[in-house]
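[1] any chance you could fold what I've pasted below:
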Amino acid sequence: MTQLESILAHLKKHGSITPVEALEMYGCFRLGARIKELREMGFPIRTVMIHKDNPAGRGKAFARYDLEADT
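    Just a heads-up that it's a prediction; the model follows:
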C-alpha cells in the first residue's frame, strides 16, 4: 500500500490526520503534499489549524486534515 493509499484509508477510518500521526504511522514527512494529491483526486479535505502550548508555555500551531463526511 502506498503512503497515499494509507493516508486515505486512515482518513476514511478515523476522519482526520495530523503530520505527527502521518510520520509515526506511515513514514510520511510531506503530509501536505499527499493531502494536495487527494484533493486533486476530488476528496473533500478541510484544513483545521490547531494551536497548543508546549510545556515551556510557547504556542505551537499545526494542521489537522479532516475528511468531510460526505465521502
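[2] in the chain, what spans have low per-residue confidence?
    Counting by pLDDT under 70, the chain shows low-confidence ranges at 70-71.
[3] where along it do the strands fall?
    Counting by DSSP state E, the chain forms strands over residues 16-17, 45-53, 59-67, given from the N-terminal end onward.
[4] and these: which comes nearest Ala33?
    Nearest to Ala33 among these is strand 59-67 (11.8 Å), distances taken as CB to CB. For the C-beta atoms, the positions are set from N, CA and C on the backbone; glycine is no exception.
[5] from Pro55, how far off is the nearest residue to Gln3 once chain neighbours are set aside?
    In this structure, Gln3 finds its nearest non-sequential neighbour in Cys28, 4.9 Å apart by CB to CB, 6 or more residues apart in numbering. Taking CB to CB, to the nearest Å as the measure, Cys28 falls 26 Å from Pro55.
[6] tell me who's in contact with the residue lying closest to Arg46 once chain neighbours are set aside.
    Here the nearest residue to Arg46 in space, its sequence neighbours aside, is Asp66; by CB to CB, 6+ apart that works out to 4.7 Å. Under the criterion of CB atoms under 8 Å, 6 or more residues apart in numbering, the neighbours of Asp66 are Gly15, Ser16, Ile45, Arg46, Thr47, Val48.
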